[in-house]
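1. have a look at this prediction, sequence included:
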Amino acid sequence: ADARLTPLGRAAGLVDDERWANFTEKMANVDGEIARLKSTRVKSDTDVVRAVIEASSSHSGTGTPSRQSFTLEELLRRPQVDYALLAAHGQGGGLGRWQAEAAEVRVKYEGFIRRQEGQVAKVASKMNKTIPAGIDYHAITTLRMEAREKLSKMAPVTVGQASRIGGVNPADISSLLVYLEVGMRRQNKEAAKAKSAEAKAAHYAKDQAEREEEGEGATAGNEQAAGALRS
C-alpha cells in the first residue's frame, strides 16, 4: 500500500520532502535487492537449496532438485518459501522488514502484476471508445447482474464513462470491451459480404448489358444482310 499510495500523496502535496526521500531510498533498496536475487545463483547442493526444496516439497510433491543451480529469485518464487528462509541461510540482503516484504511480494507476484498492468494499459487505451446507442446490456451474459442494471440505467456514451459508474468493476469493463470488439468484427464482416455482393451484382449487370449489346448488334447485322439479299 505504501508503494502505491505514497507517490499519489506526493503528487497531491501531502508527502513532505523528508518522507519522500525516505520512500525513494527504500524503493531503491528494494529494486537493488530484486536485481541481486535475479543475478545470484547457488548450486543445488547448498544448504539454502536443500531448505527450499524441503519447504516446498509438500506442495510440489518432489524433494529432488530439478537442476544443478538456481537463482535466488527462482527459489523465492517457490510455494511455502519466504524471504526469511533465504536470510536464515545467509542469502538475505540485509533489508529491513518492510523492504524485505516488498521485495518478496514483487518477486512472487511479478507475473500477475505484469498481466494486470497490461490489462490496465489495454483498457486505458480504449476509454474513448464509443458505446453504440441502444445497446442491450442484459444480453451481455458475461456482465454481472449489478453491472447490467447500472449500465442500462446510466446509458454511458463511452467506455470511460462506463468505468466510472459505481457497481461496475474492471472485469465488467473488460467484458464490455470484448463484446464491443466482437460486435465490430461482425459488422465489418457483414459489410464486407455486402460489398462483395454489390460488386458481383454490378459485374453481372455489366456482363448482361454487354451481351445484350452484342445481341442487338448481331440482329442488326442479320437484318442488313437479309435486306441486301432481297435487293
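-> Ah, there it is. Everything numeric here is computed off the predicted structure, so don't read it as measured data.
2. now the helices for this structure?
-> Under the criterion DSSP state H, the chain carries helices at the ranges 2-11, 17-39, 47-60, 72-76, 83-88, 97-108, 110-124, 145-154, 159-163, 170-230.
3. mean pLDDT lowest for which of those?
-> Per-stretch mean pLDDT for the helices of the chain is lowest at helix 170-230 (a mean of 73).
4. quick one, what contacts Ser174?
-> Contacts for Ser174 were tallied using C-beta atoms under 8 Å, 6 or more residues apart in numbering; they are 119, 123. Where you see a C-beta, it was placed from the backbone N, CA and C, and this is true even at glycine.
5. cool, and Ala103?
-> Counting by C-beta under 8 Å, 6+ apart, Ala103 touches 30, 33-34, 37, 83, 93, 95.
6. before we move on, back to that, mind putting the helices of the chain into CSV with distance to Ala139?
-> Written out in CSV, the entries for those read as follows (distance: least, C-beta to C-beta, whole Å):
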stretch, distance to Ala139
helix 2-11, 36
helix 17-39, 46
helix 47-60, 43
helix 72-76, 46
helix 83-88, 49
helix 97-108, 40
helix 110-124, 21
helix 145-154, 9
helix 159-163, 16
helix 170-230, 9
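7. quick one, which of those helices is packed in tightest?
-> With neighbours defined by mean count of other C-beta atoms under 10 Å, none of the helices of the chain is more surrounded on average than helix 72-76, at a mean of 21.
8. what distance separates that one from the centre of its chain?
-> Distance, stretch centre to chain centre, for helix 72-76: 26 Å (C-alpha atoms, centre = their mean, to the nearest Å).
9. convert it to PDB, retaining C-alpha atoms only.
-> Written as PDB, here are the backbone C-alpha positions of helix 72-76 (Å, rounded to 0.1, in the frame of the first residue of the first chain):
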ATOM      1  CA  LEU A  72      17.700 -16.800  -5.500                       C
ATOM      2  CA  GLU A  73      14.700 -15.300  -7.300                       C
ATOM      3  CA  GLU A  74      13.700 -18.800  -8.600                       C
ATOM      4  CA  LEU A  75      14.000 -20.100  -5.100                       C
ATOM      5  CA  LEU A  76      11.900 -17.300  -3.500                       C
END
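10. what is that helix packed up against?
-> Contact analysis of helix 72-76 by 3 or more C-beta pairs under 8 Å, 6 or more residues apart in numbering; DSSP states H and E lists helix 17-39, strand 41-43, helix 47-60, helix 83-88, helix 97-108 as its packing neighbours.
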